[in-house]
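Enquirer: This is the structure alone, sequence omitted:
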């Protein structure tokens, strides 16, 4: 799909025109606006007829819609993965803090003689 879009040198309606590669730099919200414009244009061009063939502009428009849709879906998945990684990292930090607290409690409960032996072994 992307090879075809690049070979066709597709341009998308955003502040003038932007390339297929430029879409990756846009936010999902902006991409959604582009998608809405393309879908509106797609609906305007829709004509149900058994006798006419699909025009190349219709095919081009379908490809544009598919490209934008794919990029948005990919960006949403990537954002979810990043969010999940951040949550896991925060949870790991909390667990390590709890472990450190429990180790401190364990050391505090030891007698002075036991603590001196531990210091000597270090």
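Expert: Cool, the structure landed. Note that the structure is predicted; figures quoted are calculated from it, not measured.
Enquirer: what about residue 10, how many neighbours?
Expert: The number of residues packed around residue 10, counting by other Cβ atoms under 10 Å, is 19. From N, CA and C alone the C-beta is placed, and that goes for glycine too.
Enquirer: if I pick it, what's in contact with it?
Expert: When the contact criterion is Cβ atoms under 8 Å, 6 or more residues apart in numbering, the partners of residue 10 are 19-20, 60, 63-64, 67.
Enquirer: what ranges do the helices span in the chain?
Expert: 2-7, 20-23, 28-45, 56-108, 112-121 (DSSP state H).
Enquirer: Which one of the contacts of residue 10 sits in the busiest neighbourhood?
Expert: Within the contacts of residue 10, residue 64 tops the neighbour count with 25 neighbours, counted by other Cβ under 10 Å.
Enquirer: That one and residue 91: what is the separation?
Expert: Between residue 64 and residue 91 the distance, using Cβ to Cβ, to the nearest Å, works out to 41 Å.
Enquirer: re the thing from before, could I get the helices of the chain in TSV, plus columns for mean pLDDT and distance to residue 13?
Expert: Shown next, in TSV, are these (pLDDT from 0 to 100; distance: least, Cβ to Cβ, whole Å):
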stretch	mean pLDDT	distance to residue 13
helix 2-7	88	15
helix 20-23	91	11
helix 28-45	91	5
helix 56-108	92	9
helix 112-121	90	70
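Enquirer: Please identify the most buried of these.
Expert: Between the helices of the chain, the one whose residues have the most neighbours on average, counting mean count of other Cβ atoms under 10 Å, is helix 20-23 (a mean of 16).
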